[in-house]
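Undergrad: Give me coordinates for this.
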Amino acid sequence: MRDKTQPNSTGPGDRLIRVGAIVFFLGAVATLVTVAPLFLHARPFPTYMFGLSMLMGVGFLIAGAGVLRSIAAGRRQARAGR
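TA: Model (predicted):
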């Protein structure tokens, strides 16, 4: 029996998960850049860099929303398949 899902198809929430991962990664880089001067005994970065560090949490929330959307679509599909 062949699976009905195409190999390159994207489900609901997949795009949110990808975007969340990218935003999380950008926040992680901003966090490393913000913390680096503390270890290098250099002049600290401006305050907005600390705000960019919050992108880690935002990315995590976006990816979490994508996972929840994917779970909800899977449940709907399972109910319709009964």
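Undergrad: From now on I want contacts and neighbour counts done on CA atoms only, so please keep to that.
TA: Noted.
Undergrad: My guess is residue 73 contacts residue 12. True?
TA: Yes - in terms of Cα atoms under 8 Å, residue 73 counts as a neighbour of residue 12; the distance is 6.7 Å.
Undergrad: Which of the helices and strands in the protein ranks last by mean pLDDT?
TA: The helix or strand of the chain with the poorest confidence is helix 47-53; it has a mean of 85 (mean pLDDT, DSSP states H and E).
Undergrad: Mind listing what's buried along whichever helix or strand comes after it?
TA: Going down the chain from helix 47-53, the next helix or strand is helix 55-81, by DSSP states H and E. Within helix 55-81, the residues that qualify as buried are 55-56, 58-67, 69-70, counting by 16 or more other Cα atoms under 10 Å.
Undergrad: go on, stretch 32-44?
TA: With the criterion 16+ other Cα under 10 Å, stretch 32-44 contains buried residues 33, 34, 35.
Undergrad: which sections of this structure are below the confidence cut-off?
TA: When residues are selected by pLDDT under 70, those of the chain lie in 1-9, 82.
Undergrad: Spatially central residue in it, please.
TA: Among the residues of the chain, residue 20 comes closest to the average C-alpha position under Cα atoms, centre = their mean, at 2.0 Å.
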